[in-house]
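J.: missing the sequence, but the structure's below:
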DNA sequence: CGCCATAGTATCATTTTTGATACTACTACT
DNA sequence: AGTAGTAGTATCAAAAATGATACTATGGCG
(Lines give C-alpha, C1' and ligand atoms only; values in the text may rest on other atoms or scores of the structure.)
Protein backbone atom coordinates (compact mmCIF):
# COMPACT_ATOMS: atom_id res chain seq x y z
CA UNK A 1 0.00 0.00 0.00
CA UNK A 2 2.11 2.83 -1.22
CA UNK A 3 -0.68 5.16 -2.30
CA UNK A 4 -2.48 7.49 0.05
CA UNK A 5 -5.72 5.67 0.61
CA UNK A 6 -5.75 5.52 4.37
CA UNK A 7 -8.59 6.76 6.46
CA UNK A 8 -6.67 9.47 8.28
CA UNK A 9 -4.87 11.46 5.71
CA UNK A 10 -3.27 14.06 7.93
CA UNK A 11 -1.16 11.41 9.58
CA UNK A 12 -0.32 9.85 6.25
CA UNK A 13 0.63 13.24 4.83
CA UNK A 14 3.24 13.81 7.53
CA UNK A 15 4.29 10.21 7.03
CA UNK A 16 5.40 9.41 10.48
CA UNK A 17 5.24 5.67 9.79
CA UNK A 18 4.75 4.68 13.40
CA UNK A 19 1.87 7.12 13.85
CA UNK A 20 0.23 5.90 10.71
CA UNK A 21 0.45 2.32 11.93
CA UNK A 22 -0.97 3.22 15.31
CA UNK A 23 -3.81 5.08 13.61
CA UNK A 24 -4.56 2.30 11.18
CA UNK A 25 -4.50 -0.37 13.87
CA UNK A 26 -6.22 1.72 16.52
CA UNK A 27 -9.02 0.28 18.56
CA UNK A 28 -9.44 -2.54 20.97
CA UNK A 29 -9.86 -5.33 18.42
CA UNK A 30 -7.80 -4.82 15.27
CA UNK A 31 -4.74 -6.89 16.24
CA UNK A 32 -6.92 -9.76 17.33
CA UNK A 33 -9.16 -9.64 14.25
CA UNK A 34 -6.14 -9.70 11.95
CA UNK A 35 -4.60 -12.53 13.95
CA UNK A 36 -7.75 -14.66 13.78
CA UNK A 37 -8.01 -14.16 10.04
CA UNK A 38 -4.29 -14.87 9.60
CA UNK A 39 -4.29 -18.09 11.61
CA UNK A 40 -7.44 -19.47 9.96
CA UNK A 41 -6.80 -18.07 6.44
CA UNK A 42 -10.53 -17.33 6.20
CA UNK A 43 -13.00 -16.10 8.78
CA UNK A 44 -16.72 -15.65 8.63
CA UNK A 45 -18.46 -12.74 10.31
CA UNK A 46 -20.36 -14.91 12.73
CA UNK A 47 -17.30 -16.89 13.79
CA UNK A 48 -15.37 -13.70 14.45
CA UNK A 49 -18.28 -12.35 16.46
CA UNK A 50 -18.30 -15.43 18.69
CA UNK A 51 -14.50 -15.51 18.96
CA UNK A 52 -14.07 -11.91 20.05
CA UNK A 53 -15.43 -12.11 23.55
CA UNK A 54 -17.39 -8.97 24.41
CA UNK A 55 -17.47 -7.25 21.02
CA UNK A 56 -20.81 -6.13 19.66
CA UNK A 57 -22.03 -6.71 16.16
CA UNK A 58 -21.94 -3.05 15.23
CA UNK A 59 -18.41 -2.59 16.54
CA UNK A 60 -17.18 -5.67 14.69
CA UNK A 61 -18.75 -4.41 11.48
CA UNK A 62 -17.07 -1.05 11.92
CA UNK A 63 -13.65 -2.53 12.66
CA UNK A 64 -13.90 -4.86 9.65
CA UNK A 65 -14.88 -1.98 7.38
CA UNK A 66 -11.92 0.06 8.56
CA UNK A 67 -9.51 -2.82 8.01
CA UNK A 68 -11.04 -3.24 4.55
CA UNK A 69 -10.77 0.48 3.79
CA UNK A 70 -7.15 0.47 4.89
CA UNK A 71 -6.44 -2.45 2.59
CA UNK A 72 -5.65 -5.18 5.12
CA UNK A 73 -8.58 -7.50 4.47
CA UNK A 74 -10.85 -8.56 1.64
CA UNK A 75 -14.57 -9.12 1.99
CA UNK A 76 -16.25 -11.79 -0.11
CA UNK A 77 -20.01 -12.19 -0.14
CA UNK A 78 -21.48 -15.64 -0.77
CA UNK A 79 -25.06 -15.56 -1.96
CA UNK A 80 -25.75 -19.19 -1.08
CA UNK A 81 -28.39 -20.07 1.44
CA UNK A 82 -28.04 -18.83 4.07
CA UNK A 83 -25.85 -16.11 2.58
CA UNK A 84 -22.62 -15.37 4.40
CA UNK A 85 -19.46 -13.28 4.20
CA UNK A 86 -15.86 -14.42 4.31
CA UNK A 87 -12.90 -12.29 5.25
CA UNK A 88 -9.39 -13.00 4.00
CA UNK A 89 -6.11 -11.11 4.10
CA UNK A 90 -5.08 -8.98 1.13
CA UNK A 91 -1.46 -8.84 -0.07
CA UNK A 92 -0.88 -5.93 2.33
CA UNK A 93 -2.47 -7.92 5.11
CA UNK A 94 -0.29 -10.94 4.33
CA UNK A 95 2.81 -8.78 4.34
CA UNK A 96 1.91 -7.75 7.86
CA UNK A 97 1.69 -11.33 9.15
CA UNK A 98 5.36 -11.60 10.22
CA UNK A 99 4.96 -8.45 12.32
CA UNK A 100 1.76 -9.81 13.79
CA UNK A 101 3.41 -13.15 14.53
CA UNK A 102 6.32 -11.51 16.29
CA UNK A 103 3.88 -9.44 18.32
CA UNK A 104 1.98 -12.57 19.30
CA UNK A 105 5.12 -14.45 20.27
CA UNK A 106 6.45 -11.53 22.29
CA UNK A 107 3.11 -11.12 24.04
CA UNK A 108 2.92 -14.78 24.93
CA UNK A 109 6.46 -14.68 26.31
CA UNK A 110 6.23 -11.41 28.24
CA UNK A 111 2.65 -10.54 29.04
CA UNK A 112 1.31 -13.89 30.19
CA UNK A 113 1.74 -15.80 33.41
CA UNK A 114 4.66 -18.26 33.43
CA UNK A 115 2.30 -21.24 33.24
CA UNK A 116 0.45 -19.93 30.21
CA UNK A 117 0.19 -22.51 27.47
CA UNK A 118 -0.14 -21.17 23.96
CA UNK A 119 -3.06 -22.50 21.93
CA UNK A 120 -0.90 -22.21 18.81
CA UNK A 121 1.60 -24.90 17.85
CA UNK A 122 5.05 -24.09 16.54
CA UNK A 123 3.95 -25.60 13.23
CA UNK A 124 1.05 -23.18 12.93
CA UNK A 125 3.34 -20.24 13.58
CA UNK A 126 5.97 -21.52 11.15
CA UNK A 127 3.39 -22.12 8.46
CA UNK A 128 2.06 -18.63 9.03
CA UNK A 129 5.52 -17.22 8.42
CA UNK A 130 6.22 -19.31 5.32
CA UNK A 131 3.15 -18.25 3.36
CA UNK B 1 6.87 -9.15 33.04
CA UNK B 2 5.33 -12.42 34.03
CA UNK B 3 3.38 -11.20 37.04
CA UNK B 4 -0.03 -9.61 36.85
CA UNK B 5 0.82 -5.96 37.28
CA UNK B 6 -0.87 -4.55 34.24
CA UNK B 7 -3.37 -1.78 34.35
CA UNK B 8 -6.27 -3.71 32.93
CA UNK B 9 -6.49 -6.91 34.86
CA UNK B 10 -9.57 -8.42 33.24
CA UNK B 11 -7.72 -8.71 29.95
CA UNK B 12 -4.66 -10.08 31.68
CA UNK B 13 -6.77 -12.59 33.57
CA UNK B 14 -8.15 -14.07 30.36
CA UNK B 15 -4.64 -13.89 28.97
CA UNK B 16 -5.44 -13.33 25.37
CA UNK B 17 -1.90 -12.13 24.65
CA UNK B 18 -2.86 -10.05 21.63
CA UNK B 19 -5.62 -8.26 23.53
CA UNK B 20 -3.30 -7.54 26.39
CA UNK B 21 -0.76 -6.03 24.02
CA UNK B 22 -3.38 -3.91 22.30
CA UNK B 23 -4.62 -2.71 25.68
CA UNK B 24 -1.17 -1.97 27.02
CA UNK B 25 -0.15 -0.10 23.88
CA UNK B 26 -3.49 1.61 23.34
CA UNK B 27 -3.64 5.27 22.55
CA UNK B 28 -2.40 7.51 19.82
CA UNK B 29 1.15 7.95 21.07
CA UNK B 30 2.53 4.83 22.79
CA UNK B 31 4.32 3.27 19.80
CA UNK B 32 5.95 6.56 18.95
CA UNK B 33 6.97 7.33 22.53
CA UNK B 34 8.59 3.91 22.89
CA UNK B 35 10.32 4.30 19.54
CA UNK B 36 11.76 7.72 20.43
CA UNK B 37 13.07 6.42 23.74
CA UNK B 38 14.47 3.30 22.03
CA UNK B 39 16.28 5.16 19.27
CA UNK B 40 17.77 7.75 21.63
CA UNK B 41 18.34 5.46 24.62
CA UNK B 42 17.25 8.30 26.90
CA UNK B 43 14.58 10.93 26.48
CA UNK B 44 13.69 13.93 28.57
CA UNK B 45 10.12 15.00 29.11
CA UNK B 46 10.57 18.31 27.33
CA UNK B 47 12.23 16.75 24.29
CA UNK B 48 9.44 14.21 23.95
CA UNK B 49 6.87 16.97 24.24
CA UNK B 50 8.48 18.88 21.37
CA UNK B 51 9.01 15.73 19.29
CA UNK B 52 5.43 14.48 19.47
CA UNK B 53 3.72 16.98 17.24
CA UNK B 54 0.31 17.88 18.63
CA UNK B 55 0.42 16.11 21.98
CA UNK B 56 -0.41 18.11 25.08
CA UNK B 57 1.57 18.09 28.28
CA UNK B 58 -1.16 16.40 30.26
CA UNK B 59 -1.64 13.65 27.69
CA UNK B 60 2.10 13.01 27.47
CA UNK B 61 2.29 12.74 31.26
CA UNK B 62 -0.57 10.28 31.27
CA UNK B 63 0.89 8.12 28.51
CA UNK B 64 4.29 8.05 30.20
CA UNK B 65 2.73 7.07 33.52
CA UNK B 66 0.86 4.22 31.87
CA UNK B 67 3.99 2.96 30.12
CA UNK B 68 5.76 3.17 33.47
CA UNK B 69 2.95 1.34 35.29
CA UNK B 70 3.00 -1.38 32.65
CA UNK B 71 6.75 -1.79 33.10
CA UNK B 72 8.01 -0.58 29.73
CA UNK B 73 9.88 2.52 30.83
CA UNK B 74 11.79 3.81 33.82
CA UNK B 75 11.52 7.35 35.15
CA UNK B 76 14.59 8.94 36.70
CA UNK B 77 14.41 12.30 38.42
CA UNK B 78 17.51 14.51 38.39
CA UNK B 79 17.51 17.10 41.12
CA UNK B 80 20.17 19.24 39.44
CA UNK B 81 19.40 22.75 38.40
CA UNK B 82 17.11 23.05 36.59
CA UNK B 83 15.70 19.70 37.69
CA UNK B 84 14.63 17.34 34.94
CA UNK B 85 13.37 13.83 34.31
CA UNK B 86 14.83 11.17 32.05
CA UNK B 87 12.96 8.23 30.60
CA UNK B 88 14.73 4.99 29.67
CA UNK B 89 13.55 1.52 28.66
CA UNK B 90 13.29 -1.18 31.29
CA UNK B 91 14.31 -4.76 30.55
CA UNK B 92 10.74 -5.45 29.40
CA UNK B 93 10.90 -2.35 27.24
CA UNK B 94 14.21 -3.44 25.73
CA UNK B 95 12.82 -6.89 24.99
CA UNK B 96 10.11 -5.19 22.98
CA UNK B 97 12.55 -3.27 20.77
CA UNK B 98 12.84 -5.97 18.05
CA UNK B 99 9.05 -5.97 17.69
CA UNK B 100 9.03 -2.20 17.57
CA UNK B 101 11.80 -2.16 14.98
CA UNK B 102 9.99 -4.63 12.76
CA UNK B 103 6.85 -2.53 13.05
CA UNK B 104 8.79 0.55 12.05
CA UNK B 105 10.44 -1.14 9.09
CA UNK B 106 7.14 -2.60 7.89
CA UNK B 107 5.42 0.77 8.22
CA UNK B 108 8.13 2.55 6.29
CA UNK B 109 7.93 -0.04 3.54
CA UNK B 110 4.15 -0.32 3.28
CA UNK B 111 2.46 2.77 4.66
CA UNK B 112 4.60 5.52 3.19
CA UNK B 113 4.74 6.99 -0.26
CA UNK B 114 7.32 5.35 -2.59
CA UNK B 115 9.61 8.38 -2.38
CA UNK B 116 9.64 8.42 1.41
CA UNK B 117 13.16 8.58 2.81
CA UNK B 118 13.64 7.11 6.26
CA UNK B 119 15.31 9.38 8.80
CA UNK B 120 16.89 6.30 10.36
CA UNK B 121 20.05 4.75 8.98
CA UNK B 122 20.53 1.01 8.67
CA UNK B 123 23.25 1.31 11.30
CA UNK B 124 20.84 2.85 13.79
CA UNK B 125 18.36 0.06 13.23
CA UNK B 126 21.05 -2.62 13.45
CA UNK B 127 22.46 -1.16 16.62
CA UNK B 128 18.97 -1.05 18.06
CA UNK B 129 18.56 -4.75 17.40
CA UNK B 130 21.97 -5.74 18.79
CA UNK B 131 21.53 -4.16 22.20
C1' DC C 1 -47.47 -17.79 7.41
C1' DG C 2 -44.09 -17.61 11.08
C1' DC C 3 -39.49 -18.74 12.26
C1' DC C 4 -34.67 -19.73 11.59
C1' DA C 5 -29.93 -18.34 10.26
C1' DT C 6 -26.99 -15.24 7.89
C1' DA C 7 -24.88 -10.41 8.07
C1' DG C 8 -25.67 -6.59 8.47
C1' DT C 9 -27.67 -0.91 9.50
C1' DA C 10 -29.34 2.86 12.39
C1' DT C 11 -29.75 5.29 16.45
C1' DC C 12 -28.59 6.66 20.80
C1' DA C 13 -26.05 6.26 25.21
C1' DT C 14 -21.94 5.44 27.63
C1' DT C 15 -17.16 5.17 28.27
C1' DT C 16 -12.58 6.26 27.16
C1' DT C 17 -9.22 9.12 25.26
C1' DT C 18 -7.45 13.35 24.16
C1' DG C 19 -7.09 18.35 24.33
C1' DA C 20 -7.24 23.21 26.39
C1' DT C 21 -6.23 25.90 29.90
C1' DA C 22 -4.68 27.40 34.10
C1' DC C 23 -2.23 26.32 37.98
C1' DT C 24 2.00 24.43 41.26
C1' DA C 25 6.87 23.50 42.87
C1' DC C 26 11.68 23.95 42.59
C1' DT C 27 15.84 27.03 42.55
C1' DA C 28 19.39 29.69 40.02
C1' DC C 29 20.03 34.04 38.28
C1' DT C 30 19.61 39.08 37.88
C1' DA D 1 11.68 40.26 44.62
C1' DG D 2 10.76 38.89 39.98
C1' DT D 3 11.77 35.81 36.03
C1' DA D 4 13.06 31.72 33.62
C1' DG D 5 13.24 26.75 32.78
C1' DT D 6 12.05 22.16 34.26
C1' DA D 7 8.16 18.87 34.87
C1' DG D 8 4.51 18.38 36.28
C1' DT D 9 -1.27 18.54 38.37
C1' DA D 10 -6.11 19.70 38.20
C1' DT D 11 -10.19 20.65 36.00
C1' DC D 12 -13.23 20.81 32.45
C1' DA D 13 -14.56 20.23 27.51
C1' DA D 14 -14.45 17.84 23.23
C1' DA D 15 -13.84 14.03 20.44
C1' DA D 16 -13.51 9.26 19.51
C1' DA D 17 -14.45 4.52 20.44
C1' DT D 18 -17.44 1.19 22.04
C1' DG D 19 -21.82 -0.81 23.54
C1' DA D 20 -27.01 -1.61 23.70
C1' DT D 21 -30.82 -2.14 21.35
C1' DA D 22 -33.89 -2.48 17.76
C1' DC D 23 -34.36 -2.86 13.06
C1' DT D 24 -33.66 -4.78 7.77
C1' DA D 25 -33.13 -8.33 4.00
C1' DT D 26 -32.67 -12.92 2.16
C1' DG D 27 -34.80 -17.55 1.30
C1' DG D 28 -35.58 -22.30 3.00
C1' DC D 29 -38.33 -25.04 6.07
C1' DG D 30 -42.32 -26.81 8.87
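T.: Perfect, I can see it now. The model shown is predicted, which means the values in this text are computed figures rather than measured ones.
J.: let me see the contact set for the residue positioned nearest the centre of chain A.
T.: For chain A, the residue sitting closest to the mean C-alpha position, by C-alpha atoms, centre = their mean, is residue A:34 at 1.3 Å. Neighbouring residues of residue A:34 by C-beta atoms under 8 Å, 6 or more residues apart in numbering or on different chains: A:25, A:67, A:72, A:73, A:89, A:93, A:96, A:100. In this view, the C-beta of every residue, glycine as well, is placed from N, C-alpha and C.
J.: tell me which element it falls in.
T.: Assessed by DSSP states H and E, residue A:34 sits inside helix A:30-40.
J.: in stretch A:77-93, what counts as buried?
T.: The neighbour-count check on stretch A:77-93 (16 or more other C-beta atoms under 10 Å in any protein chain shown) flags A:86, A:87, A:88, A:89, A:90, A:93 as buried.
J.: show me which positions of stretch A:91-110 end up buried.
T.: Residues of stretch A:91-110 classed as buried by neighbour count (16+ other C-beta under 10 Å): A:93, A:96-97, A:99-104, A:106-108, A:110.
J.: try stretch A:42-62
T.: In stretch A:42-62, counting by 16+ other C-beta under 10 Å, buried: A:43, A:45, A:48, A:52, A:55, A:60.
J.: for the closest residue to DNA strand C within chain A, which non-adjacent residue is closest in space?
T.: Closest to DNA strand C within chain A is residue A:46: 2.7 Å, counting by C-beta to the nearest atom of the strand. Leaving aside its chain neighbours, residue A:46 sits nearest to residue A:84 (7.3 Å; criterion: C-beta to C-beta, 6 or more residues apart in numbering or on different chains).
J.: could you report the distance from the one you found to chain B?
T.: Note on residue A:84: its distance to chain B, by C-beta to the nearest C-beta, to the nearest Å, is 25 Å.
J.: and the biggest helix by length in chain A with chain B, contact?
T.: Using DSSP state H, we find that the single longest helix of chain A is helix A:91-110. Yes. Interface with chain B: helix A:91-110 contributes A:92, A:95, A:96, A:98, A:99, A:102, A:103, A:104, A:106, A:107, A:108, A:110 (C-beta under 8 Å from any C-beta of the partner chain).
J.: could you pull up the mean pLDDT of that helix?
T.: Average pLDDT, helix A:91-110: 95.
J.: show residues contacting it.
T.: Looking at helix A:91-110 with C-beta under 8 Å, 6+ apart, the contacting residues turn out to be A:1, A:31, A:34-35, A:37-38, A:67, A:71-74, A:89, A:116, A:118, A:120, A:125, A:128-129, A:131, B:1-2, B:17-18, B:20-21, B:92, B:95-96, B:98-99, B:102-103, B:106, B:110.
J.: taking helix B:91-110 as reference, get the angle to that helix.
T.: Helix A:91-110 and helix B:91-110 are oriented at 180 degrees to each other (axes from the mean of the first three to the mean of the last three C-alpha atoms, to 10 degrees).
J.: beyond helix A:91-110, next helix or strand please.
T.: Helix A:91-110 is succeeded, C-terminally, by helix A:122-130 (DSSP H and E).
J.: distance of the residue nearest to the centre of chain A relative to residue A:121?
T.: 19 Å (C-beta to C-beta, to the nearest Å).
J.: what do you get for residue A:28?
T.: 27 Å.
J.: have a look at those two and say which one is more surrounded.
T.: Neighbours per residue, other C-beta atoms under 10 Å in any protein chain shown: of residue A:28 and residue A:121, the larger number sits with residue A:28, 16 against 9.
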